[in-house]
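Undergrad: I need the structure of the sequence given here:
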Amino acid sequence: MRLVATIIFLVTLMVRFTLATSIQISRSEKYAELGKFTEITICNALPKMEKTFGKTDRPIHFILAGSDSEFIRYTRSRLPDWVGAATIFPPGIVVMKTPDYAHTTLRQYRTTILHELTHVMQGQSVPLNLTPVWFSEGLAVYLSEEFNSQSRVIVSLAMAKKRLIPLAQLSDFLRLGSSTAELAYSESGTLIEYLAVVYGETLFQEILNAMKHGKDFETALALATNIEPADFEFHWREYLSKNYQWVFLLDIQYILWVVMTILVVLAWLSIRKRNKTTIKKWDEQEQKEQIYLGKM
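TA: Numbering: from 1, shown residues only. Got it, this is the predicted structure:
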């Protein structure tokens, strides 16, 4: 009955339209413009996504939820508050929190669309449960351009504090707190960046194609990189050591700290110079007074 009520609710209160590209957006009339924005974002991103995952003949369906009750109804679960969207397999439907509901900007909303679209495209190529979480989430972070300078600072800080999450523990991000999850997503992004920089982005196609032909993920990764699974984390950490060790200095807090330190030193030098000048004047004045008294 609950499922029937949901379907009726979608049919009566939401507008569903299908494009020639088999993209379907379900949303209430209130979010008509947001629906168009979502559609355009998906259409613009598909050519790049298809280079990695291949073309798909299955529909891509996004549902825009404008409230907590709607989001729970469509996802049929209670997810952490920091989650902005969820992709449900099967049937590969994305439930998105609208920006006003999630308290995010349109730019952040666009990034979330691309993140979830990556999951959909990968899921239609190779089921997500056949790849490690770090790979699927890393690809989503990397291809959605969510992986940025702040992500790099987060990883660099974790390195400096010796708090990197081991590769084997980069799983089930939904059980993590928001700050730990942020580090997990950022680390996953560095793993994909490492593979892309060292082997090229076509590597992802090679891995997925090998899996389509029956290889498991570890075997596909080893064939594409010539790295044994047991050695993969070592090579990734070596990459981080060479490229991320001092990135944390770009953090605005550290920049402010350095600037404040410089200002304090400059102020101290200025005061010291001024005091020396004052003392010199006093000495000169005292000498003049002594000469004057001697003449008397």
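
Undergrad: tell me the secondary structure for Asn96?
TA: Slight slip there: residue 96 is Met, not Asn. Here Met96 is recorded as strand under DSSP: H, G, I helix; E, B strand; the rest coil.

Undergrad: where does the prediction get shaky in the protein?
TA: 1-21, 248, 250-296 (pLDDT under 70).

Undergrad: in a helix, that's where Leu114 is, yeah?
TA: Yes. The assignment for Leu114 is a helix, going by three-state DSSP.

Undergrad: which stretches in the stretch 1-150 of the chain count as strands?
TA: Secondary structure of the stretch 1-150 of the chain (DSSP state E, counting those that start in this stretch): strands at 14-18, 23-28, 60-65, 85-88, 93-97.

Undergrad: and Ser125, how many neighbours?
TA: For Ser125, the tally of surrounding residues (other CB atoms under 10 Å) stands at 20. Just so you know, the C-beta spots here come from the backbone N, C-alpha and C atoms, and that holds for glycine as well.

Undergrad: and it, what is it in contact with?
TA: By CB atoms under 8 Å, 6 or more residues apart in numbering, the contact list for Ser125 reads Phe53, Gly54, Thr56, Leu208, Lys212.

Undergrad: looking at the strands of the stretch 1-150 of the chain, which is nearest to Ser144?
TA: Between Ser144 and the strands of the stretch 1-150 of the chain, the shortest gap by CB to CB is with strand 85-88, which sits at 11.1 Å.

Undergrad: helices and strands around the closest one, which ones?
TA: Where contact means 3 or more CB pairs under 8 Å, 6 or more residues apart in numbering; DSSP states H and E, strand 85-88 is packed against helix 68-75, strand 93-97, helix 106-125.

Undergrad: pick the most buried one from the ones you listed.
TA: Per-stretch averages of neighbours, counted by mean count of other CB atoms under 10 Å, single out strand 93-97 among the helices and strands packed on strand 85-88, with a mean of 24.

Undergrad: chain center to that one: distance?
TA: Average the C-alpha atoms of strand 93-97, do the same for its chain, and the two points are 18 Å apart (CA atoms, centre = their mean, to the nearest Å).

Undergrad: give the pairing partners of that strand; include direction for each.
TA: Take DSSP bridges as the rule and strand 93-97 pairs in its sheet with strand 60-65 (parallel), strand 85-88 (antiparallel).

Undergrad: looking at these, which is buried most?
TA: Among the strands paired with strand 93-97, strand 60-65 has the highest mean neighbour count (mean count of other CB under 10 Å), at a mean of 23.
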